[in-house]
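S.K.: predicted model and sequence follow; I will ask about them next.
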Amino acid sequence: LVPFLPWAQILPTASHSNSSRLQEHRKSILSLTLLADSICPSAFESEVSEISITQSEINLALRNLRAWMKDEKVPKNLATQLDSAFIRKEPFGLVLVIAPWNYPVNLTLVPLVGALAAGNCVVLKPSECPVSPGSSLLPPWSHQSCFAVVLGGPQEMGQLLEHKFDYIFFTGSPRVGRIVMSAAAKHLTPVTLELGGKNPCYVDDDCDPQTVANRLAWFRYFNTGQTCVAPDYVRPSDESERYIAPTVLVDVEETEPVMQEEIFGPILPIVNVRSLDEAIDFINRREKPLALYAFSNSKQVVKRVLAQTSSGSFCGNDGFMHLTLASLPFGGVGASGMGSYHGKFSFDTFSHHRACLLRCPGMEKIYSIRYPPYSPRKLRVLLMAMEARGCSCTLL
């Protein structure tokens, strides 16, 4: 009934071993991500976005895991001064991780690292695409007692979702995300949904055109445009058979098909606006995006876009460099997802935060003020003792 306990006990030793094996297989992992040039034709981009980030996540967990696992002491009120109050981070139990195809190493292993670091057992469902690391990468460095890999397509995923899990982590499209959430709701299973969306990018008229063009082109067409946080539209004041040239669409209308769904390719629509107010209004009329970008030489303009919009993440005057910081959470809001991960946020996502208070069995005379018969004096004393001191208090 508690399959995660044996894994939680061997976690530190196994994690160090797995990290070393990942480093040993670095070249083979890189080769794996380059098997199909339709995914990512650049070894440079694969090293940056796949291998390096994944290795950094593992190293961060190894350095900090013991500190993350410690009980977190919390402030107490007068009524609990003699007690021990803390939050204990515990594994949920059995976690299902469903990974996509566009970053087959990063988006498969980074959630896996967080789930295992928190002490969970994991059922991993990688993408059915042939470049997925599910069958080619995991066996050489996996610990068979802590997780299993299930290969296959939509049919196999549907069968998986019929089972009860203690937590589900899904990365993919909003359409499939709704299916996952519906299946989880049958068992009241908590979920993290990392979805996509139309990520806007506002460009002020005071920007240097060449700088903006360089940065926009790089992070729009990175990984051949198949990045969930890439900008989907800009608002400014044989192989050849499969090749899609980097394309810029100008004077695009809001009602056109390219503005309705996530593009996920090397195409960048440009929609003209008359003012910053119009741009903000346009953004706020649409679903909340996974990421939002603003380019301007004015800090006030960037801060205004940040303050008057909502998105999973925000970056001013550059692309998705915020994803390189494990100290920042990555996740969506509204239609772009729920929950977050990366670094310690991954550990927290896959941990149940258990509220704990330990009280001495004695000193009954002190605590007897709670018991009937009630009186105005008892009420005043009890309310004073329960008054929050640096914390909130809820009495049920």
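M.R.: Done, it's in. Residues are numbered from 1 along each chain as shown.
S.K.: all contacts plus neighbour counts: C-alpha atoms, from now on.
M.R.: Noted.
S.K.: pLDDT value on the residue lying closest to residue 115 once chain neighbours are set aside, please?
M.R.: Once flanking residues are discounted, residue 115 sits nearest to residue 350: 5.4 Å by C-alpha to C-alpha, 6 or more residues apart in numbering. What the model reports as pLDDT for residue 350 is 97.
S.K.: hang on, residue 350 packs against residue 111?
M.R.: No. Applying C-alpha atoms under 8 Å as the test, residue 350 and residue 111 come out as separate, 9.0 Å apart.
S.K.: which residues does residue 293 form beta bridges with?
M.R.: On the basis of DSSP bridges, residue 293 is bridged to residue 201, residue 315.
S.K.: residue 44: neighbouring residues, count only.
M.R.: 11 (other C-alpha atoms under 10 Å).
S.K.: with residue 351 instead?
M.R.: Neighbour count of residue 351, defined by other C-alpha under 10 Å: 23.
S.K.: still on that earlier bit, so residue 350 and residue 111 - more neighbours on which side?
M.R.: residue 350 (30 against 27).
S.K.: ok, back up a step: check contacts around the residue nearest to residue 115.
M.R.: 91-92, 114-115, 118, 120, 167 (C-alpha atoms under 8 Å, 6 or more residues apart in numbering).
S.K.: what do you get for residue 295?
M.R.: Shown in contact with residue 295 (C-alpha under 8 Å, 6+ apart): 201-204, 207, 212, 302, 316-318.
S.K.: tell me the buried residues within these.
M.R.: 201-204, 212, 302, 316-318 (16 or more other C-alpha atoms under 10 Å).
S.K.: farthest-apart pair in those, please.
M.R.: With distance counted by C-alpha to C-alpha, no two of the buried ones among the contacts of residue 295 lie farther apart than 212 and 302, which are 14.2 Å apart.
S.K.: could you check how far residue 271 is from residue 227?
M.R.: Separation of residue 271 from residue 227 (C-alpha to C-alpha, to the nearest Å): 21 Å.
S.K.: now residue 181
M.R.: The value you get for residue 181 to residue 227, if C-alpha to C-alpha is used, is 22 Å.
S.K.: so residue 308 makes contact with residue 280?
M.R.: Yes. Contact criterion C-alpha under 8 Å: residue 308 and residue 280 qualify, at 7.2 Å.
S.K.: more neighbours: the two, which one.
M.R.: When residue 308 and residue 280 are compared for neighbours, residue 280 comes out ahead with 19 against 12, by other C-alpha under 10 Å.
S.K.: that older thread, where helices are concerned, which of the contacts of residue 350 count?
M.R.: 114-115 (DSSP state H).
S.K.: redo the contacts of residue 350 as JSON lines? Include neighbour count, distance to residue 51 and pLDDT.
M.R.: Output for the contacts of residue 350, formatted as JSON lines (neighbours: other C-alpha atoms under 10 Å; distance: C-alpha to C-alpha, whole Å; pLDDT from 0 to 100):
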{"residue": "91", "neighbour count": "27", "distance to residue 51": "27", "pLDDT": "94"}
{"residue": "92", "neighbour count": "22", "distance to residue 51": "28", "pLDDT": "96"}
{"residue": "114", "neighbour count": "25", "distance to residue 51": "16", "pLDDT": "94"}
{"residue": "115", "neighbour count": "28", "distance to residue 51": "19", "pLDDT": "93"}
{"residue": "118", "neighbour count": "30", "distance to residue 51": "22", "pLDDT": "93"}
{"residue": "120", "neighbour count": "31", "distance to residue 51": "23", "pLDDT": "92"}
{"residue": "167", "neighbour count": "24", "distance to residue 51": "26", "pLDDT": "98"}
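S.K.: just the ones of the contacts of residue 350 in strands?
M.R.: With strands defined by DSSP state E, the entries of these inside them are 91, 167.
S.K.: among the contacts of residue 350, which one sits closest to residue 65?
M.R.: The closest of the contacts of residue 350, once distances to residue 65 are taken by C-alpha to C-alpha, is residue 118, at 8.5 Å.
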